[in-house]
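Colleague: Sequence and computational prediction follow.
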Amino acid sequence: ALEHVRVGVIPMGTGNGVATSLGVRSLQHAIAALVEGHEARVDLWAAHPDPPAAGPTGGPAVSVLAVGWGAVADYDELTEVRWRHLGPMRVPMAQAYIV
């Protein structure tokens, strides 16, 4: 059902995992890729909450990037609470620290 979904990637997050994995290096690069119609196939997954969400569409929540191990909460707490003052460098530092 999601085969024809088009998603634009704007790298404005903390780690920019999706943008990085797709080779999008900056906001300017993302805009150029969108304008020029560059496409890449990615795996999407959808979660259908029960009962259905009361969001604007009432449809499923769709995600591109998912991590399935328990260190995610530790990583988030480390990068967003304890090490936020370190700026962007905290992201690769936390990845090395957690692993």
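Modeller: Perfect, I can see it now.

Colleague: Quick check: residue 24 is in a strand.
Modeller: No - under DSSP: H, G, I helix; E, B strand; the rest coil, residue 24 falls outside any strand and is assigned coil.

Colleague: pLDDT on stretch 22-39, on average?
Modeller: The average pLDDT within stretch 22-39 is 88.

Colleague: Off-centre distance for that stretch?
Modeller: Stretch 22-39 sits 15 Å away from the centroid of its parent chain (C-alpha atoms, centre = their mean, to the nearest Å).

Colleague: What are the buried residues along it?
Modeller: Neighbour counts over stretch 22-39 (16 or more other C-beta atoms under 10 Å) mark 22, 24, 30, 33 as buried. C-beta here means a position set from N, CA and C on the backbone, and glycine is covered the same way.

Colleague: Secondary structure element holding the third one?
Modeller: Think residue 30. Using DSSP states H and E, residue 30 maps to helix 27-36.

Colleague: Next secondary structure after the worst-scoring helix or strand of the chain on mean pLDDT?
Modeller: One helix or strand of the chain scores below all others by mean pLDDT, DSSP states H and E: strand 61-63, with a mean of 68. Going down the chain from strand 61-63, the next helix or strand is helix 71-77, by DSSP H and E.

Colleague: What mean pLDDT does the helix or strand just after that next one get?
Modeller: The helix or strand immediately downstream of helix 71-77 is helix 90-98, counting by DSSP H and E. Averaged across helix 90-98, pLDDT comes to 87.

Colleague: Starting from residue 10, give me the distance back to the residue nearest in space to the middle of the chain.
Modeller: Centroid-nearest residue in the chain, with C-alpha atoms, centre = their mean: residue 18, separated by 4.7 Å. The span separating residue 18 from residue 10 equals 10 Å under the rule C-beta to C-beta, to the nearest Å.
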